[in-house]
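Asker: Quick one, structure for this:
(chains A and B)
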Amino acid sequence: DTGVSQNPRHKITKRGQNVTFRCDPISEHNRLYWYRQTLGQGPEFLTYFQNEAQLEKSRLLSDRFSAERPKGSFSTLEIQRTEQGDSAMYLCASSSDIAGGASTDTQYFGPGTRLTVL
Amino acid sequence: AQTVTQSQPEMSVQEAETVTLSCTYDTSESDYYLFWYKQPPSRQMILVIRQEAYKQQNATENRFSVNFQKAAKSFSLKISDSQLGDAAMYFCAPNTGFQKLVFGTGTRLLVSP
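Answerer: Next up, the predicted model:
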């Protein structure tokens, strides 16, 4: 178990460009989450996958944002036509639904991808 | 909407002493979990401790313990025998349904020798 990994760790881009981040969860974790954290704030939930199904999306996730988890393993988060307001740390977390119920599992976080939009 | 309040933006403690970080939250759920996470300057979020809402016994994890008051919706974190490595941002986060964690604004803990 090597933990949750995220790539790249840092991304600098110009406004209007598209960016894609990758998250590799802890192996055999079936749940995967994306959060966004701006400076001085706690993380805010963006979206959640159970296996390959995207089960919830925050209103924060505008139509410029899309997330996928095609085979129920790694996930990608793409931001199209980036804006300066997208500058933030993007955190990925994973968990395992051992008990099968809601609100039961512990989320483990990756190191994050810091996005800077110039 | 679920809300989490951490009323202490910053706390200071000396090494070997004890400090308590406060957290209150709002939820209509009856069954849920609560977490404290630590985020050092390197910014990787690390799990500190977890509490199941249905358990009356407060969780402990080595030097870390919680005081969970379900009726008051209060979930404070006590750090005993503070160490320099405890310096970090601490976030309280209930998991109150639909899997997502709701984070407070955090408390910055400063530890002095």
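
Asker: Pick out the residue in chain A sitting closest to chain B.
Answerer: residue A:42 (3.1 Å; CB to the nearest CB). Backbone N, C-alpha and C define where each C-beta goes, glycine included.

Asker: Could you check how far the worst-scoring helix or strand of chain A on mean pLDDT is from the centre of its chain?
Answerer: In chain A, the helix or strand scored least confidently by mean pLDDT, DSSP states H and E is strand A:53-57, which has a mean of 90. The gap between the average C-alpha position of strand A:53-57 and the chain average comes to 12 Å, counting by CA atoms, centre = their mean, to the nearest Å.

Asker: how about it: buried residues?
Answerer: Of all the residues in strand A:53-57, those buried under the rule 16 or more other CB atoms under 10 Å in any protein chain shown are residue A:54.

Asker: give me every residue that touches the residue positioned nearest the centre of chain A.
Answerer: Nearest to the mean C-alpha position of chain A, by CA atoms, centre = their mean, lies residue A:34 at 2.7 Å. The contact partners of residue A:34, taken as CB atoms under 8 Å, 6 or more residues apart in numbering or on different chains, are A:23, A:45-48, A:67, A:75, A:77, A:90-92.

Asker: what do you get for residue A:88?
Answerer: A:36-38, A:114-115.

Asker: Got a quick PyMOL command for the buried subset of these?
Answerer: Those of those that count as buried under 16+ other CB under 10 Å are selected in PyMOL with:
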select buried, chain A and resi 36+37+114+115
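
Asker: From the contacts of residue A:88, pick the one nearest residue A:81.
Answerer: Of all those, residue A:115 has the smallest distance to residue A:81: 13.5 Å, by CB to CB.
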